[in-house]
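1. sharing a sequence plus its predicted fold:
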Amino acid sequence: MNHTRRDYRQEQHHKPFPKTGEKLLEFANKGSDTGLIIDEIKEFVRHNGKSISSSQLRNIYGKVVSIDDVDITGIQLLRPKLAYVAARQDKQDARIFVEYIDELISKINNESHVKSFKIFMEAIVAYHKFYAKSK
């Protein structure tokens, strides 16, 4: 997937989370820049989320919320499933969307990150419902 990540970075017209990228996994912590993070999630979904179906996104989200907050390995094991979802996408925007979620998961290394990632995914699903047409 490294080649795909390189392509993702080169082809990305709208860099996701330019101001909060490093803070996304601190989302659950008090004092995080919640408003700015939410604004950037909204923009990320608006630019990249329209081409992934609601059912695919709900499937990913369902797997995320079923994992215990202390199960870092369980979250990491979602990465191969995301690779499969990304490979099945016809549109580049959908691949970018799924690949970014994979990239974020690769940085998860503690319980707080897992909680933050779950909140992140909840926001993704909410904004996807708002912006994407049902597929």
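-> Cool, the structure landed.
2. so what touches the longest helix belonging to the chain?
-> Using DSSP state H, we find that the single longest helix of the chain is helix 111-131. Helix 111-131 is contacted from outside by 24-29, 38, 41-42, 44-46, 49-50, 52, 54, 57-58, 60-61, 64-65, 67, 69-72, 75, 101, 104-105, 107-108, using C-beta atoms under 8 Å, 6 or more residues apart in numbering. To be clear about C-beta, it is placed using only N, CA and C from the backbone, and glycine gets the same treatment.
3. recalculate using a threshold of 7 Å.
-> 24-29, 38, 41-42, 45-46, 49-50, 54, 57-58, 61, 64-65, 69-70, 72, 75, 104-105, 108 (C-beta atoms under 7 Å, 6 or more residues apart in numbering).
4. quick one: the spatially closest residue to H128 that is not a sequence neighbour and F120, what's the gap?
-> In space, H128 comes closest to G49 once its chain neighbours are excluded; the distance is 4.8 Å by C-beta to C-beta, 6 or more residues apart in numbering. G49 is 13 Å from F120, where distance means C-beta to C-beta, to the nearest Å.
5. for I101, same thing?
-> From I101 to F120 the distance is 9 Å (C-beta to C-beta).
6. do S54 as well
-> Counting by C-beta to C-beta, the gap from S54 to F120 is 18 Å.
7. also Q89?
-> 20 Å.
8. ok, the two, which is more surrounded?
-> Remark: of Q89 and F120, F120 carries more neighbours, 23 against 18, as counted by other C-beta atoms under 10 Å.
9. tell me which helix or strand the spatially most central residue of the chain sits in.
-> Among the residues of the chain, the one closest to the centroid is I101, at 3.1 Å (C-alpha atoms, centre = their mean). Per DSSP states H and E: I101 is located in helix 92-106.
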